[in-house]
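Trainee: With the input below, show me the fold.
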Amino acid sequence: MSGLAAGAWLGAAEAPTKLVTLGLSPFLISLAMVAGVFVARWTVPTVLKGSGYVWLDLSEKPHLLIWAVVAGALWAVANTLTVFAIRDVGLSIAFPLWNTNSLVGLLWGWLFFRELRGAGLGGWAKVAGGGAAIVLGAILLAYASSHQSAAMPQRAAAGILAAIGAGLLWGTMYIPYRKAYLSGMNPLSFVTVFTVGELVTMTTLALVFRGGLGPLMEEIGKARPALFWLFLGGFFWVLGDLFQQYAAKYIGIGRGIPLSNTNQLWGLGWGALVFGELSGQGSVNLSLIVTGSIVMILGAVAISSAVAPANEQISWREAVTRECNRYGLDAARASAAAAGEDPLGNVTARFRWWDAAILLAAVGVFLVLARWAERPPIKMSVAWTALLVTATLALLIACGRLLWKRTKFS
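Mentor: As a prediction, the model looks like this:
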């Protein structure tokens, strides 16, 4: 459920990046989204658990701080590449290409964290077949995109490479995820530090590639009417990423990431239904795009259906023991956290006055940006937008209730 909810919210988060078609810089768009991410990543954990819980969890596992910062840096670069990809080949094409991150995550999960060790022939057959389907789907979509942008073949090639590069970085980003959860860290704590790497990296990229602070501030001023939508996209991304983190924690990156990659369907929905990206396409191109998307989704389903048998779960526990021995942690406590228990549950209700201040500051930022906001001059279908938003909210409520009932957001 967490993986499926992640797909919906990660898909919705990419919709504001369509503003790149209005001439906004990909670096500016990514920086504004990361700023929204920064606000959300401090606000949501504070609301759900309180800052005292987060700080105590971090203080018990200081070795994971650098890993969280590195993961945030990888995310920032990958997110910038996705904006270039959307500009060059469109949202509905770029999405499936960067979703090859599931193959990268699958490799790292097997290599470093003993996932699929002891899964048996049936499990490996599902994973290998699903991986082949994802690659085939990506090839079909890349071929379709080269025809879609035939007038500018060099730009289409750059968009394809940007999307694949984003997939490689995002797939590698899951290594710190898994290390954190094998050590018993709460996803809400991990993302709080994660955002520091995002913001520092993205600010550095924007300053370097936009010519310094002065030109960047001037560009931000000109883009003021669009900042609210970009911040909102960052906020959506945090909700999707939190669900993705819980999926990675409870079923591993080899299975959780393919499930969250159902964001491809949502991206195709936003691109094709809301923004009309596929209008005017020939029947051959449409067939390739639809077929490629379906094949990739079937591959993700095959991978995620490879349920971990008893032998593989033993292998997972060995990985937990290894991490705990390496960093001097309590293996029994880490194993309990991986099963959904909350070792720090006794501090959950310890909210402080500054928790309210953090929440009010976040709301204030969005209210100010909302006053400046203007409807972007992009053709959109209101009916399809309403339908997709309703379905996305329904998944948020359903999965949020399930997580609270089963784990208390541990």
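
Trainee: Now residue 388: closest residue in space, sequence neighbours ignored.
Mentor: Distances taken as Cβ to Cβ, 6 or more residues apart in numbering put residue 269 closest to residue 388, at 5.8 Å, once the chain neighbours are dropped. Where C-beta positions appear, they are placed from N, C-alpha and C, glycine not excepted.

Trainee: can you tell me which residues contact the one you found?
Mentor: Contact analysis of residue 269 by Cβ atoms under 8 Å, 6 or more residues apart in numbering lists 11, 384, 388.

Trainee: Okay, buried residues for stretch 224-242 please.
Mentor: 226-242 (16 or more other Cβ atoms under 10 Å).

Trainee: Grab the CA positions of it and hand them over as CSV.
Mentor: Presented in CSV, the C-alpha positions along stretch 224-242 are these (Å, rounded to 0.1, in the frame of the first residue of the first chain):
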residue,chain,number,x,y,z
ARG,A,224,7.4,34.7,-8.4
PRO,A,225,3.9,33.9,-9.8
ALA,A,226,5.0,30.3,-10.3
LEU,A,227,6.8,29.7,-7.0
PHE,A,228,3.6,28.5,-5.2
TRP,A,229,3.0,25.7,-7.7
LEU,A,230,6.7,24.6,-7.6
PHE,A,231,6.6,24.6,-3.7
LEU,A,232,3.4,22.6,-3.9
GLY,A,233,5.1,20.1,-6.2
GLY,A,234,7.9,19.7,-3.6
PHE,A,235,5.4,19.2,-0.9
PHE,A,236,3.7,16.5,-2.9
TRP,A,237,7.0,14.9,-3.5
VAL,A,238,7.7,14.6,0.2
LEU,A,239,4.4,12.8,0.8
GLY,A,240,5.2,10.4,-2.0
ASP,A,241,8.8,9.9,-0.8
LEU,A,242,7.7,9.2,2.7
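
Trainee: what's the offset of that stretch from the middle of its chain?
Mentor: How far stretch 224-242 lies from its chain's middle: 12 Å, per Cα atoms, centre = their mean, to the nearest Å.

Trainee: Need the pLDDT of residue 343.
Mentor: pLDDT recorded at residue 343 is 80.

Trainee: before we move on, could you check phi and psi at the residue nearest the centre of the chain?
Mentor: Among the residues of the chain, residue 241 comes closest to the average C-alpha position under Cα atoms, centre = their mean, at 4.4 Å. Dihedral angles of residue 241 (phi, psi; degrees, to the nearest 10) stand at phi -70, psi -30.

Trainee: Then residue 408?
Mentor: Per degrees, to the nearest 10, the backbone of residue 408 is at phi 60, psi 30.

Trainee: does it really touch residue 345, like I thought?
Mentor: Yes - here residue 408 reaches residue 345: they are 6.5 Å apart, a contact under Cβ atoms under 8 Å.

Trainee: circling back to that earlier point, how would you label the residue nearest to residue 388: helix, strand or coil?
Mentor: helix (DSSP: H, G, I helix; E, B strand; the rest coil).

Trainee: Tell me how far it lies from residue 160.
Mentor: Using Cβ to Cβ, to the nearest Å, one gets 21 Å for the distance from residue 269 to residue 160.

Trainee: Once you drop chain neighbours, what's closest to residue 377?
Mentor: The shortest distance from residue 377 to any non-neighbouring residue, by Cβ to Cβ, 6+ apart, is to residue 22 (6.9 Å).

Trainee: That neighbour - how many residues pack around it?
Mentor: 12 (other Cβ atoms under 10 Å).

Trainee: Check the spacing between it and residue 230 real quick.
Mentor: Taking Cβ to Cβ as the measure, residue 22 and residue 230 are separated by 12 Å.

Trainee: Next one: residue 149, what pLDDT does it get?
Mentor: 48.

Trainee: just residue 16 next, same as before
Mentor: Looking at residue 16, its pLDDT stands at 82.

Trainee: And for residue 393?
Mentor: Note on residue 393: pLDDT of 95.

Trainee: again, but for the one 5 residues further on
Mentor: We have a pLDDT of 95 for residue 398.

Trainee: May I see the buried residues of the helix or strand where it lies?
Mentor: Secondary structure assigned from DSSP states H and E places residue 398 in helix 382-407. Using 16+ other Cβ under 10 Å as the test for burial, helix 382-407 gives 384, 385, 388, 392, 395, 396, 399, 400, 403, 407.

Trainee: so how many other residues sit close to the closest residue to the first one other than its chain neighbours?
Mentor: It refers to residue 384. Excluding the flanking residues, the one nearest residue 384 by Cβ to Cβ, 6+ apart is residue 273, at 4.2 Å. By other Cβ under 10 Å, 18 other residues sit near residue 273.

Trainee: what's the answer for residue 23, then?
Mentor: Residue 23 has 9 neighbours, counted by other Cβ under 10 Å.
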